[in-house]
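> Dropping a prediction and its sequence here:
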2 protein chains.
Amino acid sequence: MPKIVDHDRYRKELLNQCLALFAAQGYGSITMRQIAQGLGVSTGTLYHYFPSKESILEQLVQDLCEQGITDFFAQAPPAERVGDRLRIVIEFFLAHYRFYQQQLLLWVDFHQHSQRKGTERQAFLQRFWQRTHAQLVAYLQLPNPAHVDFVLVFMDGLLLQCLYERGEAEADWVTQQTELLIALLDSA
Amino acid sequence: MPKIVDHDRYRKELLNQCLALFAAQGYGSITMRQIAQGLGVSTGTLYHYFPSKESILEQLVQDLCEQGITDFFAQAPPAERVGDRLRIVIEFFLAHYRFYQQQLLLWVDFHQHSQRKGTERQAFLQRFWQRTHAQLVAYLQLPNPAHVDFVLVFMDGLLLQCLYERGEAEADWVTQQTELLIALLDSA
DNA sequence: TTATTTATAACATACGTTCGTTATGCGTTT
DNA sequence: AAACGCATAACGAACGTATGTTATAAATAA
């Protein structure tokens, strides 16, 4: 009967590709035609898989929230010393730097979008952060759970600062700052 | 001859009001009609003061960069102890919290906008950060200048985390995190 | 065939921008 | 002083285009 296409699987593939597109242009500035072109399909195909532009954004956010940081814990080795565990987390974070930067930009878009629509609560975004926080608390085993928030704040700030185009010295600067964080938290 | 209106002065007033509008909706999502309505003028008047939508964004960014943090140093009292100076900076930052949050959102928009246009016109943004950094180094007199970057990263991360809707406990959480920062830097 | 995927063109609307017009107030002329 | 001219300020309708979306038909595989 139909073509051999796993509808749901292909939809998720397209979703993942949308992240980079949204992050590069912003939700409001990008057009459906540009999205379709970026995905290598036509607008008709795009609308075959997604009912609207708005739906792409919402599905993408939901997808990222569900995925969460499970792929980190899927391969996170345990470590005895606190500083080592902290380093493992940050190494993983740095290894997926561009991804988290894109995710940050998407959340800014989503924040503005949901604020505009008046649809107040984005329950799963809040749940996402609670879950992330709880999982990191369990893994890191820091003496003070507030330190976990501090690490998350640091990571977000790092992503943001690097948007402001630090140029060639960016990599060195990032390692310098992360070492500083580890040193500060380790001595405390 | 004309009506009694200081053209340049009025334009800057409009610019300042635009910050909140851009931050709430995003540059790509907001329309000139919405901007005009938000400013309480007609679209014709809006175009009398700004040649294009793009120009509003660019003038706004440039204006904010020029202003910089001079209004902080205009009233920043000196303090002997390092922790006190750090506290003064952060108190000022928290007092103007919403403003810096809006500025953050604007910079995200500007980043995407200039990346889209391909033109690397982020020169003054880079200069802005260098200037900010240098001024803060001079004021704070921290033993390690890298700590100043660390403070800036922390502030950006704080702004970002609070976009993700922390709800009622936000204020307490912010003070907790800032106290943590001060404690960590003071003991180092 | 038949059901599903894809592509193209068409549609209604919303967008950024322009235009013609009117209102306003100071300088000039009488 | 009064009347006029003139340049700015303000407005809102109108314009051309681009947008999100839909309709339609070809292509594909069972």
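Now that the structure is in, tell me what you want to look at. Residues are numbered from 1 along each chain as shown, chains lettered A, B, ... in the order given.
> switch to C-alpha atoms for all contacts and neighbour counts from now on
Noted.
> What are the buried residues along stretch A:72-83?
Buried residues in stretch A:72-83, counted by 16 or more other Cα atoms under 10 Å in any protein chain shown: A:82, A:83.
> how long is it from one end to the other?
Length of stretch A:72-83, first residue to last, Cα to Cα, to the nearest Å: 17 Å.
> got it, and stretch A:45-53?
13 Å.
> Kindly report the same for stretch A:72-90.
Start-to-end span of stretch A:72-90 (Cα to Cα) is 11 Å.
> Show me chain A divided up by domain.
What automatic domain parsing lists as the domains of chain A is A:1-67, A:68-188.
> mind putting those in a markdown table, distance to chain B and mean pLDDT included?
Converted to a markdown table, these look like this (distance: least, Cα to the nearest Cα, whole Å; pLDDT from 0 to 100):
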| stretch | distance to chain B | mean pLDDT |
| --- | --- | --- |
| domain A:1-67 | 4 | 93 |
| domain A:68-188 | 4 | 91 |
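> Same list, the ones you listed, but as CSV with distance to residue B:146 please.
Converted to CSV, these look like this (distance: least, Cα to Cα, whole Å):
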stretch, distance to residue B:146
domain A:1-67, 29
domain A:68-188, 7
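> what's the helix or strand for the spatially closest residue to residue A:150 that is not a sequence neighbour?
Spatial nearest neighbour of residue A:150, chain neighbours left out: residue B:177 (6.5 Å); criterion: Cα to Cα, 6 or more residues apart in numbering or on different chains. Using DSSP states H and E, residue B:177 falls within helix B:170-187.
> again, but for residue A:162
helix A:146-163.
> Contacts for that helix, please.
Helix A:146-163 has contacts (Cα atoms under 8 Å, 6 or more residues apart in numbering or on different chains) with A:97, A:100-101, A:104, A:133, A:136-137, A:140, A:142, A:170, A:174, A:185, B:108, B:111, B:152-158, B:160-161, B:176-177.
> How about it, which residues are buried there?
If you call a residue buried by 16+ other Cα under 10 Å, then helix A:146-163 has these buried ones: A:147-162.
> can you give me the offset of that helix from its chain's centre?
Between the centre of helix A:146-163 and the centre of its chain there are 13 Å (Cα atoms, centre = their mean, to the nearest Å).
> That one to helix A:170-187, inter-axis angle?
Helix A:146-163 and helix A:170-187 are oriented at 170 degrees to each other (axes from the mean of the first three to the mean of the last three Cα atoms, to 10 degrees).
> then helix A:146-163 to CSV, C-alphas only?
This file holds the C-alpha atoms of helix A:146-163, laid out as CSV (Å, rounded to 0.1, in the frame of the first residue of the first chain):
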residue,chain,number,x,y,z
ALA,A,146,22.9,24.5,45.9
HIS,A,147,26.2,23.9,44.2
VAL,A,148,24.5,22.0,41.5
ASP,A,149,22.4,25.0,40.6
PHE,A,150,25.6,27.0,40.7
VAL,A,151,27.1,24.7,38.1
LEU,A,152,24.0,24.9,35.9
VAL,A,153,24.1,28.7,36.1
PHE,A,154,27.8,28.6,35.2
MET,A,155,27.1,26.5,32.1
ASP,A,156,24.3,28.7,30.9
GLY,A,157,26.5,31.8,31.4
LEU,A,158,29.3,30.2,29.5
LEU,A,159,27.1,29.4,26.5
LEU,A,160,25.8,32.9,26.5
GLN,A,161,29.2,34.6,26.7
CYS,A,162,30.4,32.6,23.8
LEU,A,163,27.5,33.9,21.7
